[in-house]
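A.B. asks: sequence and predicted model, in that order:
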Amino acid sequence: MIRLLYWFVFSSIFGTSFSLFGQIDSSRAIPRVKTPVITNLQFKVRNSRKLHKQLDKLPIFKNSFAGFCIYDVEKQEYIVQQNDRRYFTPASNTKLFTFYAALKLLDKKIPALKYTIQGDSLIFWGTGNPTFLHPKFPDQEAFDFLKYTKLKLYFSDTNFKDKHLGAGWAWDDYNNYYSKEKSVFPMYNNSVRFYLNKSGKLKVYPSFFQDSLQRETKEKHKKKFWILRDLAQNQFLYYLPNKLEKAHYQEVPIKNSSQLTAKMLSEALGKKVEQVTRAMRTRDSIRTLYTMKRDVLCKWMLETSDNFWAEQILWLCADSLNGSKALNTNKIIKKIKNEFLSDLSESPHWVDGSGLSRYNLLTPRSIVQLLLKIKKEYGKTEADLQHIFELLPQSGEGTLRHRFEGNPPFIFGKTGTLSHNHNLSGYLVTKSRKLLVFSYMNNHYMTKTKYIKQQTDKILTDFYLYY
């Protein structure tokens, strides 16, 4: 009787939520209505099997695609399985796989660089660590190590065995902050930051690129300040309107190369850094300089949904397996899938660390299974599980801020958003202290994402309150 009552409550919410999609005219690319029309659909079912059959008939499946999977940890059973074995574009839900790889392969402290000393020379290689001269992380052990050594410095990139951009990334996103290029020795977060105050003074960080600016004189955009990097080189065109109403900030990725890295290092350290093509050799007695804690790295990636850090974390995982001799995204993903993820019910089509690529394909059930693996391997005790929760965004913070308001934090998970796609997967602690693991994926909708978020929040909040 209790189970029947629960399904009735859930069904009412589910029906109300999904009715949004039935109101969309498929002939219009973007609906003009400000708010969706909600139809109160109710399900009178005795079991979940019949419920799923009715859900399949809902109008949502005519114009979009949704998958929902929830697992009750205590009962050790799935309580919702709607399109849960079908593949979806996961967007940043992919970062959960990168997170698992980091937990599996990285030590508690991560390597900043590899080096060998030959006579009066220090030859070093990057590991993909993204923290070097990052403006948000003042502790710079690697910088101090290179700056204060008396040895001559030689930088090698022979362990770079990849492309700077990921497969399936949108090329015309190159000027946006979230589409930074991968590199073996990142500096300044692989971007340039532009600060414009109300008086019209433009500040550039790092100042290395101060002389790479050119002002647009044609008044094409009379009100808006903008910065546009040349596609093939680090030349930045900017437009400054005659009247400024507020200060502006813009972050633009740089076009990377090993030659540029050597030049930027020389300026930052105040001494010559030469680029060499020297591969790592066993007889060289390669040493490792360790810096930041792994968990700090993971928390930043997850809480801010930092695409660049996710890509670099995969390279750090590659470094842990092969000693930095080959930093390559495809190879490390293949190795992780074969060694650690072969037990997933549906094999992930996983191509990058961040989820920027639309080539990524995951099922709601495989994401739930991954989250269960994380709990089983790294959340065995209450304290350990709480630590995992602390690393993930929680309702009301990070990428989940302004969501699930009015209740204590009960969602600990990861969002994933690309145009016309929004997903949320993670752990849900109900009001009665039951632990659920869920993945709710929405793809190919034509309404506004804020409506998808509202309906997602409504359904999951119902589980928090009543399950």
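C.D. replies: It's in. Residues are numbered from 1 along each chain as shown.
A.B. asks: any idea which element Thr415 lies in?
C.D. replies: Per DSSP states H and E: Thr415 is located in strand 411-418.
A.B. asks: tell me what that strand is packed against?
C.D. replies: helix 95-105, strand 421-429, helix 449-466 (3 or more C-beta pairs under 8 Å, 6 or more residues apart in numbering; DSSP states H and E). Just so you know, the C-beta spots here come from the backbone N, C-alpha and C atoms, and that holds for glycine as well.
A.B. asks: packing partners of the last one?
C.D. replies: For helix 449-466, the packing partners by 3+ C-beta pairs under 8 Å, 6+ apart come out as helix 2-18, strand 411-418, strand 421-429, strand 435-443.
A.B. asks: any chance you could map the strands in the stretch 101-250 of the chain?
C.D. replies: Ranges of strands in the stretch 101-250 of the chain, per DSSP state E, counting those that start in this stretch, are 109-118, 121-126, 152-156, 191-196, 202-205, 213-215, 226-229, 236-239, 248-253.
A.B. asks: just those strands: most buried one?
C.D. replies: Compared across those, strand 121-126 shows the largest average neighbour count, a mean of 22 (mean count of other C-beta atoms under 10 Å).
A.B. asks: okay, now the sheet partners of it, with direction.
C.D. replies: strand 109-118 (antiparallel), strand 152-156 (parallel) (DSSP bridges).
A.B. asks: just send those back as a markdown table, with mean pLDDT and distance to Leu265 too.
C.D. replies: Below are these laid out as a markdown table (pLDDT from 0 to 100; distance: least, C-beta to C-beta, whole Å):
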| stretch | mean pLDDT | distance to Leu265 |
| --- | --- | --- |
| strand 109-118 | 95 | 11 |
| strand 152-156 | 98 | 6 |
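A.B. asks: output those strands in CSV; the columns should cover distance to Tyr427.
C.D. replies: Formatted as CSV, the strands paired with strand 121-126 follow (distance: least, C-beta to C-beta, whole Å):
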stretch, distance to Tyr427
strand 109-118, 25
strand 152-156, 42
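A.B. asks: could you dump the helices and strands packed on strand 411-418 into CSV and include mean neighbour count?
C.D. replies: Converted to CSV, the helices and strands packed on strand 411-418 look like this (neighbours: other C-beta atoms under 10 Å):
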stretch, mean neighbour count
helix 95-105, 23
strand 421-429, 23
helix 449-466, 18
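A.B. asks: give the contact list for the residue nearest to Tyr238 when sequence neighbours are not counted.
C.D. replies: Distances taken as C-beta to C-beta, 6 or more residues apart in numbering place Ile227 nearest to Tyr238, at 4.8 Å, with adjacent residues excluded. Shown in contact with Ile227 (C-beta atoms under 8 Å, 6 or more residues apart in numbering): 175, 194, 236-238, 250, 252.
A.B. asks: closest to Asn338 among those residues?
C.D. replies: Asn175 (36.6 Å; C-beta to C-beta).
A.B. asks: domains in this protein, by residue range?
C.D. replies: 2-90+362-466, 110-293 (automatic domain parsing).
A.B. asks: any idea how far the shortest one is from the middle of the chain?
C.D. replies: Between the mean C-alpha point of domain 110-293 and the mean C-alpha point of its chain there is a distance of 20 Å (C-alpha atoms, centre = their mean, to the nearest Å).
A.B. asks: all helices for the stretch 51-200 of the chain, in order.
C.D. replies: 60-63, 95-105, 141-148 (DSSP state H, counting those that start in this stretch).
A.B. asks: sorry, back to before: looking at the domains of the chain, which is nearest to Ser347?
C.D. replies: domain 2-90+362-466 (7.9 Å).
A.B. asks: give me the mean pLDDT for the closest one.
C.D. replies: Mean pLDDT, domain 2-90+362-466: 76.
A.B. asks: can you add distance to Ser179 and give the helices of the stretch 51-200 of the chain back as CSV?
C.D. replies: Listed next are these as CSV, based on distance: least, C-beta to C-beta, whole Å:
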stretch, distance to Ser179
helix 60-63, 29
helix 95-105, 15
helix 141-148, 25
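A.B. asks: which one, of the ones you listed, ends up nearest to Leu344?
C.D. replies: Across the helices of the stretch 51-200 of the chain, closest to Leu344 is helix 95-105 (C-beta to C-beta), at 10.0 Å.
A.B. asks: give me the contact list for that closest one.
C.D. replies: 294, 297-298, 301-302, 305, 310, 313-314, 316-317, 320-321, 332, 336, 340-341, 348, 350, 353-355, 362, 367, 370-371, 373-374, 377-378, 391, 414, 416, 425.
A.B. asks: stretch 158-170 too?
C.D. replies: Residues contacting stretch 158-170 (C-beta under 8 Å, 6+ apart): 125-126, 171, 179, 181-184, 256, 258, 277-280, 311, 315, 324-331, 351-352, 354, 356-360.
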